[in-house]
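# here's a sequence, model it:
(one chain, ligands or ions: 1)
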Amino acid sequence: MISLWFEQIDGKIYCATQKSAKIVSHLKNNPVCGFEIAADKPPYKGIRGEGTVKITNNGNTILDILIKKYLGEKESTLSKYLKTNSNTEVAIEITPHKISNYDYTKRMKDTVLSTGKECPTCGSKNCESVNKGNTDVISTWEKYQCYNCKKFWYY
Ligand SMILES: [Zn+2]
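Next up is the predicted model:
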């Protein structure tokens, strides 16, 4: 399983990757794939499906669209780096056949994350510090988010 940036255009899903990537030769040999579009933080909800895959040569165009979507219009080191290799970029085009939605929001309502903190608004223990790894924050206050009622608060 790999995670890729994606964009939906006319009912198809597009990703971009380097021509030499393992996933490309794999998909050429076996042009059917399962996919999942999901948030990378709880509550977990999204769509899952199956589709046929075509590798197309408009990777360049798709990459531009993805950079705008995920990095914005402003040039960054990452966007510049990605563009230097864009001539060997191919697009992965997925035509979905089966799609199903899933939503674990309800099921996760009572999830207790290991933080041991309780949301002051709704009392759920499905809360997590959202400061982690953010070294820009020079503060002794820690920001928490409740995934149940979506509120933020500070400790
Ligand atoms: Zn809450």
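# and the longest helix along the chain, what's buried?
Scanning the chain for the helix with the most residues, using DSSP state H, yields helix 59-71. Neighbour counts over helix 59-71 (16 or more other CB atoms under 10 Å) mark G59, I62, L63, D64, I65, L66, I67 as buried. C-beta: built from backbone N, CA, C; applies to glycine.
# what is the mean pLDDT for that helix?
Helix 59-71 shows a mean pLDDT of 92.
# what are the C-alpha coordinates of it, in PDB please?
The C-alpha trace of helix 59-71 is given here as PDB (Å, rounded to 0.1, in the frame of the first residue of the first chain):
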ATOM      1  CA  GLY A  59       2.200  13.300 -15.300                       C
ATOM      2  CA  ASN A  60       3.600  16.800 -15.700                       C
ATOM      3  CA  THR A  61       0.100  18.400 -15.900                       C
ATOM      4  CA  ILE A  62      -1.200  16.300 -13.000                       C
ATOM      5  CA  LEU A  63       1.800  17.100 -10.900                       C
ATOM      6  CA  ASP A  64       1.200  20.900 -11.400                       C
ATOM      7  CA  ILE A  65      -2.500  20.400 -10.300                       C
ATOM      8  CA  LEU A  66      -1.400  18.400  -7.200                       C
ATOM      9  CA  ILE A  67       1.300  20.900  -6.200                       C
ATOM     10  CA  LYS A  68      -1.200  23.700  -6.300                       C
ATOM     11  CA  LYS A  69      -3.700  21.700  -4.300                       C
ATOM     12  CA  TYR A  70      -1.300  20.500  -1.600                       C
ATOM     13  CA  LEU A  71       1.400  23.200  -1.500                       C
END
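# counting contacts, what elements does the next helix or strand after it pack onto?
Following helix 59-71 in sequence order, the next helix or strand is helix 77-84 (DSSP states H and E). Contact here means 3 or more CB pairs under 8 Å, 6 or more residues apart in numbering; DSSP states H and E; on that basis helix 77-84 packs against helix 59-71.
# quick one: the helix it packs on to helix 77-84, angle?
Counting by axes from the mean of the first three to the mean of the last three CA atoms, to 10 degrees, helix 59-71 lies at 170 degrees to helix 77-84.
# which of the buried residues of helix 59-71 lies closest to K150?
Lowest distance from K150 to these (CB to CB) belongs to L66, with 27.3 Å.
# pretty sure the closest one contacts W5?
Yes - using CB atoms under 8 Å, L66 makes contact with W5 at a distance of 4.5 Å.
# got any residues that touch both of the two?
Common contact partners of L66 and W5 (CB atoms under 8 Å, 6 or more residues apart in numbering): C15, A16.
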